[in-house]
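Q: Quick check, what structure comes out for this input:
(4 chains)
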There are 2 protein chains.
Amino acid sequence: MNGIAEVARVAGVSKSTASRALSGAGYVSEETRRRVASAASEVGYVPSAPAVSLASGRTRTVGVVLPGVTRWFFAQVLEGIQESLLSAGLDLVLYDARSGTPGRRRIFDDFLARRRFDGLIAVGVEPHDAELERIEAVRCPVVSVASAGFPDDIAIDDIDVSRRATEHLLGLGHRRILFLGGGTGRRTSVESRRFEGYRVAMDAAGLGERATHVHCDVTVPGGYAAAADILGDLRARPTGIVAVADEVAIGAIIAAQRLGIEIPHGLSVIGVDDHEYAGMFLLTTLAQDARAQGSAAVDLLLRRMAAEPGGLVAPASQPQVRLVVRNSTSAPFETPQA
Amino acid sequence: MNGIAEVARVAGVSKSTASRALSGAGYVSEETRRRVASAASEVGYVPSAPAVSLASGRTRTVGVVLPGVTRWFFAQVLEGIQESLLSAGLDLVLYDARSGTPGRRRIFDDFLARRRFDGLIAVGVEPHDAELERIEAVRCPVVSVASAGFPDDIAIDDIDVSRRATEHLLGLGHRRILFLGGGTGRRTSVESRRFEGYRVAMDAAGLGERATHVHCDVTVPGGYAAAADILGDLRARPTGIVAVADEVAIGAIIAAQRLGIEIPHGLSVIGVDDHEYAGMFLLTTLAQDARAQGSAAVDLLLRRMAAEPGGLVAPASQPQVRLVVRNSTSAPFETPQA
DNA sequence: CTGAAAGCGCTTACAG
DNA sequence: CTGAAAGCGCTTACAG
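A: Residues are numbered from 1 along each chain as shown, chains lettered A, B, ... in the order given. You can find the predicted model right below:
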């Protein structure tokens, strides 16, 4: 005899009663509950997950789809999700769907359909139409984080954030301001929106014609390589850079230092995120709390899982961003060539 | 009717036959197999994971325990694992057990016992005794990567790697060589072993008394802060640093630059890993292939899962390391004060 | 408040 | 090569 049957035998009750006592669902006398509980711990009872799932229809598992864990933001969100899930007693199955990988195809074509989870969190996924269909076909609660293409449940205002970043530079007197990062590979909406915010601010300052998007991978080496190229050209060099994310900003700062350009006097750089390294590079940035977005995603998902199907559950609030001024931005040293 | 029962009905066979045809286990005529297969795709059959698990005793899932995903090495190993698992059709449940977190306790006390996986990969976990007991109690195949405390299945030779790093510096003429990184928080064996390799090399060069371990978090900011402190002291300044990992080495390089110390003339720095940023910082390092270690772990685990219980399956080979000489090391500029 | 019974959707000997 | 039946370990109406 094994599992709950043994617990029941030791406690001297039926399996049904043991089950109710353990799960807390249904009426059980306090006395019985105690007896079952001690029987369970006596025999070291651990419920069989597949049996529970099969009988109850719930897996006690949440799926997380994200485009890799190397970018700071995704790693942070993942850790936030994991932490909340752990304390809710839920398992986390991970689907690393970096765009363009064969793995991504398999995830959307096969793994999602298996439905090994009660709910799904998509982080930075930005599914295309076919992928979106797959997700919807799963018919389980979904929460998106920083993933345009869905109703964007949890995400900062990506247009506003770069508008603010750009205005910070404009306010310091910069005129030659470049937008750096993103635009390689499949165009993501987050990147497009951040560029858009920059453009809006440049327009409002009458500098719309100067708005420039220099593309690069959203990584430190990506920012480094692109910035080295730009900054090498003395005549065309901008006085300020709005980076799509801190990784790119940091790459640009490293490139500038390599070229003997002093930050901030020779070049101002502002990013988005407040990356782990931001303090070290004295980077001015629009900070967001990525871990908190991870736990907010779990909270929202749990509420959606608890709601009746079809019931719309809205996010509690939108994550905010705040300007952290460090020392990578200042008035331009060279007079802007008006 | 649902699931395999419907497939069976459409194909005009019994559930047993449908099951055998789909799983490929047991005899089925080619003709029947075809009929079942087309029935399955016709009705869009996806097996119920919990039902399969309950009936077969296999979850088709692998658990991965690791101390966070922020460190480059762990993120890479995780991606390597995910990729191999995906192509093997296995799910990955993630347990982020950063040491000292409440999550870690819960993982070892509760989650592991649920046994929601057929096998477990522990990356950089270095469990203490109580944790090790929990893992063993799970009684399922386990593979460890860079996790002392187990039979260390997949791991570079951590003593040898820093011995080589140190000898590289010694060979260039350095005498004042410091070992930087690790030793904060719970002492991990990887860190201790790398320090040990450094000590061995220093000893062999008759410099054993100068062997010094400066502790810091194994992160870029950790290396930065510790190096800034050390390098600020002009008289005691080393000419060479052996870093426990590239993150620390990179932090040290950034600190040196900040202090106006030129690399490599004013200071040589060597790391271990070949981090994504190593090229950018021209870092000389002992490179290891972390992703490959992730897939090697999966290969080994699959072989162990296939073997009869108790059968010992050894790793195919030990991951190797190679010296990548870039530009962060050279002969010391200042004559060493012999 | 408790128990007997059915059922979740598969797999797997077993018999044919 | 195929099918009927039992069983994996739970949960959940249902009846009492």
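
Q: pLDDT weak spots in the stretch 201-338 of chain A?
A: Residues of the stretch 201-338 of chain A that meet the criterion pLDDT under 70 lie in A:334-338.

Q: tally of neighbours for the closest residue to residue A:273 other than its chain neighbours?
A: Leaving aside its chain neighbours, residue A:273 sits nearest to residue A:246 (4.0 Å; criterion: CB to CB, 6 or more residues apart in numbering or on different chains). Where C-beta positions appear, they are placed from N, C-alpha and C, glycine not excepted. By other CB atoms under 10 Å in any protein chain shown, 29 other residues sit near residue A:246.

Q: these two touch, right, residue A:246 and residue A:270?
A: No: using CB atoms under 8 Å, residue A:246 is not in contact with residue A:270, being 9.5 Å away.

Q: Spit out the residues that contact the two alike.
A: Common neighbours of residue A:246 and residue A:270, using CB atoms under 8 Å, 6 or more residues apart in numbering or on different chains, are A:283, A:285.

Q: Would you map the helices across the stretch 1-150 of chain A?
A: Applying DSSP state H, counting those that start in this stretch to the stretch 1-150 of chain A gives helices spanning A:3-11, A:15-23, A:30-43, A:49-56, A:72-88, A:102-106, A:112-114, A:129-138.

Q: out of those helices, deepest packed?
A: Of all the helices of the stretch 1-150 of chain A, helix A:72-88 has the most neighbours on average by mean count of other CB atoms under 10 Å in any protein chain shown, namely a mean of 23.

Q: what packs against that helix?
A: strand A:61-66, strand A:91-96, strand A:119-123, helix A:290-306, strand B:91-96, helix B:102-106 (3 or more CB pairs under 8 Å, 6 or more residues apart in numbering or on different chains; DSSP states H and E).

Q: DNA strand D: which of the ones you listed is closest?
A: Closest to DNA strand D of the helices and strands packed on helix A:72-88 is helix A:290-306 (CB to the nearest atom of the strand; 13.7 Å).

Q: Now do that closest one against strand A:91-96, angle only.
A: Here the directions of helix A:290-306 and strand A:91-96 differ by 120 degrees (axes from the mean of the first three to the mean of the last three CA atoms, to 10 degrees).

Q: who's in contact with helix A:290-306?
A: In this structure, residues lying in contact with helix A:290-306 by CB under 8 Å, 6+ apart are A:62, A:72-73, A:76-85, A:88, A:118-121, A:123, A:141-143, A:145-146, A:153-155, A:273, A:313, A:315-316, A:319.

Q: Tell me the spatial nearest neighbour of residue A:323, not counting adjacent residues.
A: With CB to CB, 6+ apart as the criterion, residue A:323 has its nearest non-adjacent residue at 5.7 Å, and that residue is residue A:286.

Q: Partner strands of the helix or strand hosting the one you found and their direction?
A: Secondary structure assignment for residue A:286, by DSSP states H and E: strand A:284-287. Sheet pairing of strand A:284-287 (DSSP bridges) gives strand A:268-273 (parallel), strand A:322-324 (antiparallel).

Q: Ok, which of those strands comes nearest residue A:131?
A: Comparison of these against residue A:131 by CB to CB identifies strand A:268-273 as nearest, at 25.6 Å.

Q: contacts for that closest one?
A: Residues outside strand A:268-273 that contact it (CB under 8 Å, 6+ apart): A:72-73, A:161-162, A:165, A:168-169, A:172, A:174, A:194, A:239-250, A:252-253, A:256, A:263, A:278, A:283-288, A:290, A:321, A:328-330, A:332.

Q: give me that answer again for 7 Å
A: The set of residues external to strand A:268-273 that reach it, using CB atoms under 7 Å, 6 or more residues apart in numbering or on different chains, is A:72-73, A:161-162, A:165, A:168-169, A:172, A:174, A:194, A:239-246, A:248-249, A:252-253, A:263, A:283-288, A:328-330, A:332.

Q: With just CA atoms, put the helix or strand containing residue A:227 into PDB.
A: According to DSSP H and E, residue A:227 maps onto helix A:220-232. Provided in PDB are the C-alpha atoms of helix A:220-232 (Å, rounded to 0.1, in the frame of the first residue of the first chain):
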ATOM      1  CA  VAL A 220      27.100  45.300 -24.000                       C
ATOM      2  CA  PRO A 221      29.300  44.200 -26.900                       C
ATOM      3  CA  GLY A 222      26.700  45.300 -29.400                       C
ATOM      4  CA  GLY A 223      26.600  48.800 -27.900                       C
ATOM      5  CA  TYR A 224      30.400  48.800 -27.700                       C
ATOM      6  CA  ALA A 225      30.900  47.900 -31.400                       C
ATOM      7  CA  ALA A 226      28.300  50.400 -32.700                       C
ATOM      8  CA  ALA A 227      29.400  53.200 -30.500                       C
ATOM      9  CA  ALA A 228      33.100  52.700 -31.400                       C
ATOM     10  CA  ASP A 229      32.100  53.000 -35.000                       C
ATOM     11  CA  ILE A 230      30.100  56.200 -34.400                       C
ATOM     12  CA  LEU A 231      32.400  57.900 -32.000                       C
ATOM     13  CA  GLY A 232      35.400  57.200 -34.200                       C
END
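
Q: which residues sit against that helix?
A: Here helix A:220-232 makes contact (CB under 7 Å, 6+ apart) with A:178, A:180-181, A:214, A:216, A:237, A:243, A:247-252, A:254-256, A:258-259, A:261, B:276-277, B:280.
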